[in-house]
Structure formats: structure tokens, C-alpha cells
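Colleague: my questions concern the predicted model and sequence given below.
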Amino acid sequence: MPWSDDVSGNVSKQYNAHTNVYIQNTCIPHKKLAQEFSVRFVSTSTFASSSEQLAGVSSDFTDDAWHDAYDCQLGQDVIFQITEHLLPADNPQQSEDCSHIGVKGNRNCRRDTVGGADAEKETDEGYEALYHPGTPRNADDTACVIREQLRVACRGNKDAVQSIQTRTGVKDKLAQFWVEHLLASAREQQDHLLKDPPTRDSRLNNKGLKGDARKAVRLEVIDTIQDSLWNWFVDLPPEADSGQRPRDLIPGFHYNILLSRRGARIDPHRDTAVEILHSFLLGNDKYVWHETSSPWDKKKEELFAVRLQATDIDGLSIAPPRAKYLVQYKNSLIGKHFKCLQQLAVFHLSDLCTDTIFNVWKATGELGAHLWIPEIADMEQYLTDLDILIGNLLDAWAMFDPRRIITKAKLHILTHLVNNIRRFGPAILYSTEVFECWNAVFRMCSILSNHLAPSRDIATTLGGMERFKHQVSGGWWKDGKGGYIRAGKNVREFLRCSPELQRRLGWADTSNVEAGIIHLAPARKRQSWTWGELFQVAGSHTVVTGASIELDEQREGPWIQGKAVISQSHDICKENSWVFFNFDENAHAGRILRIAQHADANGSPDKAMVLVEHFDVFDHRDEHFNMPILSRSQKVYAVNPKSIQFIFNAQHDCRTGRCELADSDKVVIQERLRTKISVKSVVHRDDGRYILNMHALHNAHLVRSILPRSLTTPVPLVPDREAFHRQIAEGLRVSGPAKRAETQAKAKNTREKKKQAAMTLPAAPGPSEVGRLAEGDVA
């Protein structure tokens, strides 16, 4: 899985452009793909584009390229091939990989041919097409269009080349260099053979040659120039042996190398999968946040910040939100901020935005949770749900702004997620976040390079790091005698026993995590209880115990306070964590009240106990949030730690409880000192009703597998989507031309103002006047 993008080699804001290529082995376990340890450096350059670099490494991916290795389990040599599987990147880079004109073109989708001029998109058929995948592009057709552009460039007609690019949406970065060169050469030769009397074709000097006959001669000369330039062009590069290859365009030299690797290998149009970081978080999430926060005044910003900061984030696997920062720099947020807002914002926006934009938030959260699912049990059901959720999001945008899908290509590109996931698996597997994180490693190598030959120096440094990773992780290599050896046991154990080295190499080892284990509280803070004191936390609730708790053997002796328990999904669950747990072979939802372990347990989960406050899950969803409702059942379950299945996130239903803001006991801390400024927080009135957060990304697949299907099935936002889209298109055909006419009038006005301003400017002083002014200054 090769990845490429432009990266700054500086930590400062001054941009130091490098184009990098990294690679990952998609055959390794998917959990390892999310770790920086699995990223491999390929190349970097401050001059060569990604297409040129990929052309340089393409020899390793050919059908006849075999690589030898050592299979340490079989104890013998093996050979293997490297096959490109997909091309993850941000949208501009993926457009370059596909030789596509980009998201600002009329045909702004790299995957299909939908689009056209605005008037075409406003027709019933054109507007409806934006909500579905269109006719797929393919590498052969794109290569033919590039050939056509190069042939036309040999005629010196720049407008014709641009017309082809606009009509087809094909613009190859490598071929564009040759297009500009051919245009210049064709014009030069045309001036020589058509315009200059001494050198032009002798027939054109005949003044009697007029009309169609003169045009025919001019066209004949242009055709001759075109053929001459084309023959010269296809014979490039001059150092190549023309007898060894056909006289034709060479992929990787004349145009994009990826367009020639079709068939069983890769098709850049089909295999540039929709990337959820840049297309969803930095696309849809960014749009809806901007539309929501732009109208806010300072009072509303402060209200949202207080609500967001008071949110319970347990079970979300995200850092505490810096709510004031998010509001203060609301137009400069990055992916991690939008990931936080996507999961939490909907609970705090009921009275801070319109109903139409609130529908967009709900559709965003529901789709986002589906996209971050790491495992798919039933592919067909998942894809059916995904198709409905994508349609809901696009229709919610259409209700808010019918032109949004016309102007924002990142919304249409979401329609291709269904085909991508069917082909490649869950979208999170080819998210580029791990590559973006690995850029920090490259950046440090760039800063510490000699800056004379940065590409070579960075490659040398990263090559040494890869060698070190191979050695400490137990890899094998050939010695001087041709045999295979590896590092000693102490070197291999160094990686496993050194958390600091693991952190620096981006490696996480979860093999030693065991479900049901209790982590005790620190000794100086640890409490102990008798059997009677243990259940006082239940208050007036009914305590229910199961057969897994050995009551008779464990009544005597102190019980020691536990800090956390490891669930079956390897989540760290603490007091007040929301969990699903098993009791009498049924799944229940609840909130942990107390974790305790018998003094004689010696780490055994069989002599430990978790008290869980039970909550009923209603058989219907909340109408406002479209999420399941949790209600206290007045029961507390005493369960074995192994019964804890997984953690989830729930939010208090502040809308129904009408919770308000008030000063809390917390104070603002500045420079590690406590001030007297109190921190506002949300005071919950009713503590018995909660909303199960279905927008949460962590364990989203487990939540949906345990809840009844009636609580998780997506419901279409619009019953008849085609009729709804036709109605919108009808309105656009009225507002669209008027808006374009207004834009043209404004542009004309601006041009006239600039022209008038240029005419009224005083003339620049001549050389003699400048000299006199200088002499006067000296005097």
C-alpha cells in the first residue's frame, strides 16, 4: 500500500516542500497497520513529483520482479512479489495519481465521469447523478485522453488542449510538462513556416492563393509540424534503444506510470479509495462545523465551550476536549478536533443551531460511527446500512444548502465508499492518519540532515532506523558465510521490555493484556472494606448476585479497592465507566460503582467482584437524538470481572432534564497555581435518564452487535429521494442562472473599477526626471 504526499521538512511555519513516498504491508494484522512501526520509508525529493518517484520504484512491482527472503518458521529461503493493492492519500494527491484535473474542475470526481457545467448539474438527471456513483473511469480511457491532448498540443492549440481537459476532467501532471513544451515548439515552428516571409512555405508567398486553397495549405503545414513533433516526441528518451521498444508513449516518462499498471495489478481510478480523514473529517465535518459556529456570538461560544468541556468522555478513547481552544480557533481545527466534535457536539447543539443543520450533525455522527468500524460481521447488511446513512447525510445537506453537493466534491466522493469497502474492507484500514503521524519522524530527520543533499541524507538516516527496527524485532539476515542469523536474546528482549523504545518506534504490544484482571488502586490511596461495607455503595438498590461469585468462600477477609478492570475487549474500565456485561447468559448495560478484589486473590479474577448499577435499555429510540435510551432500574449486579464485555459511552439527557450552567467547585489553574476564578459546569438535575452515544467511534461494532436490530437500523431521512432531488433541481434552475449572472456582473464591475484606477494613476517619472529628483534630494 504505497502512500505519497507533500510534506514540510520544517517544524516552523516556513514551508520546506518535500514529496515523500511511504509504504505498508497490508498482509500483516490490521491492528498493526495502525501503528507507526509498520510504516516503511521509500523515497523523498524536493524536486521529483510523486509520479516520478513511483515510476522509479515501479520496477519492484512488475510481474517478473521476484524478491528473496528467509521464512524463519519454515527455516528456508522463499521468494515473493510486491503487488500494489490500493493508493491511499489526500484528495489532491489521489487526483494526481489518477491524472485527474482535481476537485475544482467541472468533472471533479476522479472515480467517475459525473459533473459538467453548472447548467448541466442543475438538470434533473445531472443533479440526481451527484448522489450516486457514476460511470466509472478506467486507466485505458484516461491514457487515450492524455494521448489526444499530446497530439493536439503538437498543433500548438492551447485552447483545444484546455477544452479537452475541461470536458473530460483528465490532466496528467507528467504529461502537462510535455504539453507545454510541445505547445511552445509547435508555435515556434508555425511562426517559422507560416508567418515569416523568408522561411515560410513557398506556396504561401503566392498572393493569388486565397480562400479555401490557402487554408488547405496552412492546415497541411500544421499537420506536417504535428507529425514531425509527434515522431520526435515518441522517440524520447534519446538514450533509449528505439529498436528495443515500439515507437509509442512510455509510461513513467511521457505520462503517469500508474495508468499502465492495470488489470490484475492496480487501476488508480478504482483503487484510490475514499480516505476518511481528508474526505470526511476535513470535508463534511469541517463544513458542518463552519455552518454551525459562524453565526455564534461570544455568549453562544462560551455556552457551547462549557457544555463540551463538561462532557463525559469515558469510553471514547479520545483526549479531554480543549473546548475553549476549539471555540477560539474554530476556523483552524484539524482532524482530531473534528473527530471529537463528531462524537459529542450533537448533545450540546439543540438550542444553538437550526433544525436543518442539526439534522446534518445527526447524519454526520451516525455515518462517522459506521465508517470507523474495524470489523464487519455481515458485509451485505453493513453495506446496505452504509448506503442509507450516506444518502441521509447528502439529503440533510440538500435540505440545508441544495448547491453544496455541486460545489463540494468531497460530498459526492462519499458515494463511492460502498464499493471501496466491498473491495478493500473497513475504511479505517486505509486511513492515512498513521502516515500523517509518521511525517513527524521524517521531519526530525530533515531538521538534522546536512541540508546539502537532503534527500540522500534523510534516506540514509531512515535506512539505518529500518535496519535497527529489523534487528530488535527479531528479524533475520544473511551473514558473511551465506547463512541466516539474528540478534541475540537480550537485544530482542530490549524492545519488549522497554516502553520508551516502543514509544519511539511506534510499536504497541497488547499480547500480555488478559481479560478479567483487576488493577489495584495505589497503596497510599487504596481502601479496604468488609463484606458489609462493600455493598454500601449500592444504597437502597437491590443487589443481585450470580453463581460466578463464590459468596460463602469470600465473605471473610478484607476486600481491596481496585482502580480498573480489563474487559473482554481489552478496555480499561474504571469506576463510573459504562459497560455491557453478561449475567445469566444475557447482556445488560450498566455503570460500574465499585471494583474490589479479595485480599487473598493473588491476582485471580475468580476472587474479585465488580458492582455494576444496572440500566434498562428502552425498546425505542429518543426522537430528538435518534439514539437508545438508558434508564436506572434500581438494581445493582455483583458480577465476576470476566463478565465485563466492553466499555461504551453514554451522555446525560440534559435536554429532557433541562440542565443548566452553574459555578462548580473547580477553579482555573494558571502556571500550576490555583486561582480564585471558578469554572462553570453543567449541573445535572435528573440522574436517571441517559442517552447511549451511537456516534461514539470506540467499540461501535460491539454496541451494534449487542443491541436489538430495531435500535440500530438506519431510517431513510427522505422516503422518495428521486422526487426530492427533482424538486430541488427545479429550484436550482431558477436560482442558478440568476446567481451566475450576478457573479458575472460583479466581476465586470471589478474589472471596470481596476481599469479606471489604472487610468487615473500618475505616469511614472522618466529617467531625466528621476535624475533631477535625486539631485534635488542631494541639494
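Modeller: That came through, no problem. Numbers count the residues shown, from 1 in each chain.
Colleague: mind showing which ranges of the stretch 151-300 of the chain have poor pLDDT?
Modeller: 238-246, 261-264 (pLDDT under 70).
Colleague: can you do 80?
Modeller: Residue ranges of the stretch 151-300 of the chain with pLDDT under 80: 196, 201-202, 204-209, 236-247, 261-265.
Colleague: which stretches in the stretch 351-500 of the chain count as helices?
Modeller: Ranges of helices in the stretch 351-500 of the chain, per DSSP state H, counting those that start in this stretch, are 355-371, 379-400, 404-407, 409-412, 417-424, 433-447, 454-472, 489-497, 499-505.
Colleague: mean neighbour count added to those helices, as JSON lines?
Modeller: C-betas here are computed from N, CA, C, even on glycine. JSON lines is the format used below for the helices of the stretch 351-500 of the chain (neighbours: other Cβ atoms under 10 Å):
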{"stretch": "helix 355-371", "mean neighbour count": "22"}
{"stretch": "helix 379-400", "mean neighbour count": "19"}
{"stretch": "helix 404-407", "mean neighbour count": "18"}
{"stretch": "helix 409-412", "mean neighbour count": "22"}
{"stretch": "helix 417-424", "mean neighbour count": "18"}
{"stretch": "helix 433-447", "mean neighbour count": "18"}
{"stretch": "helix 454-472", "mean neighbour count": "16"}
{"stretch": "helix 489-497", "mean neighbour count": "13"}
{"stretch": "helix 499-505", "mean neighbour count": "13"}
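Colleague: quick one, which of the ones you listed is nearest to residue 617?
Modeller: Proximity to residue 617 (Cβ to Cβ) singles out helix 355-371 among the helices of the stretch 351-500 of the chain, at 17.3 Å.
Colleague: so for that closest one, mean pLDDT?
Modeller: Helix 355-371 shows a mean pLDDT of 94.
Colleague: chain center to it: distance?
Modeller: The chain centre lies 17 Å from the centre of helix 355-371; the measure is Cα atoms, centre = their mean, to the nearest Å.
Colleague: what's the answer for stretch 183-201, then?
Modeller: Going by Cα atoms, centre = their mean, the spacing between the C-alpha centre of stretch 183-201 and its chain's C-alpha centre is 51 Å.
Colleague: remind me, longest helix of this structure?
Modeller: helix 721-760 (DSSP state H).
Colleague: now do the buried residues in that helix.
Modeller: Neighbour counts over helix 721-760 (16 or more other Cβ atoms under 10 Å) mark 721, 724, 725, 728, 729, 732, 736 as buried.
Colleague: from residue 407, how far out is the residue lying closest to residue 171 once chain neighbours are set aside?
Modeller: Among residues not flanking residue 171 along the chain, residue 101 sits closest, at 4.2 Å (Cβ to Cβ, 6 or more residues apart in numbering). As judged by Cβ to Cβ, to the nearest Å, residue 101 and residue 407 stand 16 Å apart.
Colleague: ok, now which ones touch residue 526?
Modeller: 520, 560, 561 (Cβ atoms under 8 Å, 6 or more residues apart in numbering).
Colleague: how about it, secondary structure?
Modeller: Using DSSP: H, G, I helix; E, B strand; the rest coil, the structure places residue 526 in coil.
Colleague: same deal with residue 601?
Modeller: Residue 601 ends up coil, using three-state DSSP.
Colleague: make JSON lines from the helices of the stretch 351-500 of the chain and add distance to residue 611 to it.
Modeller: Below are the helices of the stretch 351-500 of the chain laid out as JSON lines (distance: least, Cβ to Cβ, whole Å):
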{"stretch": "helix 355-371", "distance to residue 611": "29"}
{"stretch": "helix 379-400", "distance to residue 611": "36"}
{"stretch": "helix 404-407", "distance to residue 611": "50"}
{"stretch": "helix 409-412", "distance to residue 611": "47"}
{"stretch": "helix 417-424", "distance to residue 611": "41"}
{"stretch": "helix 433-447", "distance to residue 611": "38"}
{"stretch": "helix 454-472", "distance to residue 611": "44"}
{"stretch": "helix 489-497", "distance to residue 611": "36"}
{"stretch": "helix 499-505", "distance to residue 611": "32"}
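Colleague: between these, which one is closest to residue 234.
Modeller: Using Cβ to Cβ, those put helix 454-472 closest to residue 234, at 30.7 Å.
Colleague: which residues are contacting the closest one?
Modeller: By Cβ under 8 Å, 6+ apart, helix 454-472 touches 9, 18, 37, 40-41, 43-46, 441-442, 445-446, 448-451, 477, 486-487, 491-492, 494-495, 501, 505.
Colleague: distance of the residue nearest in space to the middle of the chain from residue 342?
Modeller: Central residue of the chain (Cα atoms, centre = their mean): residue 277, 1.4 Å from the mean position. Separation of residue 277 from residue 342 (Cβ to Cβ) stands at 12 Å.
Colleague: what about stretch 438-456, distance to the chain center?
Modeller: Distance, centroid of stretch 438-456 to centroid of chain: 25 Å (Cα atoms, centre = their mean).
Colleague: measure it end to end?
Modeller: 19 Å (Cα to Cα, to the nearest Å).
Colleague: what do you get for stretch 306-314?
Modeller: End residues of stretch 306-314 are separated by 18 Å (Cα to Cα).
Colleague: brilliant, that's me finished.
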